[in-house]
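Asker: sequence-free structure coming up:
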């Protein structure tokens with residue numbers, strides 16, 4: 001994170017060296033519009049409570065994961081919900097769609113529970129001219145062997161290079177959201193045949 005900033009980070013620009021040619025900055029780099037990360041809950045943000053012997057959705061860990069990952073591109077985090085995806089209602093999905101549609105960016109990452117990720121992705125398919133990437137985890141980010149950090153990194157890479165549309169980035173793969181399903185038995189996403 002950049003000193004003095006709470007939810008965004010700007011790329012650092014070093015002064016050109018005397019013997020090195022100046023770097024060319026493309027219009028895309030010059031505008032440096034932030035990537036918005038919308039959090040909705042899901043396993044990525046779950047906390048285990050020993051006394052209750054169950055998981056509950058806690059405060060989002062996305063900011064910390066991006067800080068540890070030393071993400072240098074500008075980003076903003078917007079928390080919308082703290083729900084397990086199995087508990088999402090049609091009204092929740094409409095809230096997510098409306099919020100993403102109004103965000104002042106063309107690049108959005110959504111952290112979401114994996115059980116109904118494809119359902120919510122379908123609701124956002126009608127949003128034009130935005131690259132929207134869903135991601136989450138199969139074990140809570142607070143666990144040392146969680147897939148959360150890797151999946152979030154994949155989502156950041158995908159949102160920067162993919163054409164407008166809705167995608168799911170999980171387990172080292174990127175899928176178009178309308179061509180994938182969760183295979184619960186295998187514990188991963190698989191393409192629809």
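Answerer: Nice, thanks for sending it over. Quick caveat, the model's predicted, so the values are computed rather than measured. Residues are numbered from 1 along each chain as shown.
Asker: Quick check, residue 165 in contact with residue 131.
Answerer: Yes - between residue 165 and residue 131 there is a contact under C-beta atoms under 8 Å: 6.6 Å. Bear in mind the C-beta positions are built from the backbone N, C-alpha and C, glycine included.
Asker: so where's the longest strand in the protein?
Answerer: Ranked by residue count and defined by DSSP state E, the top strand of the chain is strand 75-83.
Asker: Off-centre distance for that one?
Answerer: 10 Å (C-alpha atoms, centre = their mean, to the nearest Å).
Asker: Output the below-cut-off pLDDT ranges for this protein.
Answerer: Confidence mapping of the chain against pLDDT under 70 gives the ranges 1-32, 46-58, 142-144.
Asker: residue contacts, the most centrally placed residue in it?
Answerer: By C-alpha atoms, centre = their mean, the mean C-alpha position of the chain lies nearest to residue 109, the distance being 3.4 Å. Residue 109 makes contact with 35-38, 132-135, 152, 155-156, 159 under the criterion C-beta atoms under 8 Å, 6 or more residues apart in numbering.
Asker: now residue 133
Answerer: Counting by C-beta under 8 Å, 6+ apart, residue 133 makes contact with 108-110, 155, 158-159, 162, 166-169, 174.
Asker: The longest strand of the chain: what's the following helix or strand?
Answerer: Going down the chain from strand 75-83, the next helix or strand is helix 90-102, by DSSP states H and E.
Asker: Heading C-terminal from that next one, find the next helix or strand.
Answerer: Per DSSP H and E, helix 90-102 leads on to strand 107-111 as the next helix or strand towards the C-terminus.
Asker: Please name the spatially closest residue to residue 66 (chain neighbours excluded).
Answerer: residue 75 (6.5 Å; C-beta to C-beta, 6 or more residues apart in numbering).
Asker: hang on, the earlier thing: list buried residues within the contacts of residue 109.
Answerer: Buried members of the contacts of residue 109, counted by 16 or more other C-beta atoms under 10 Å: 35-38, 132-135, 152, 155-156, 159.
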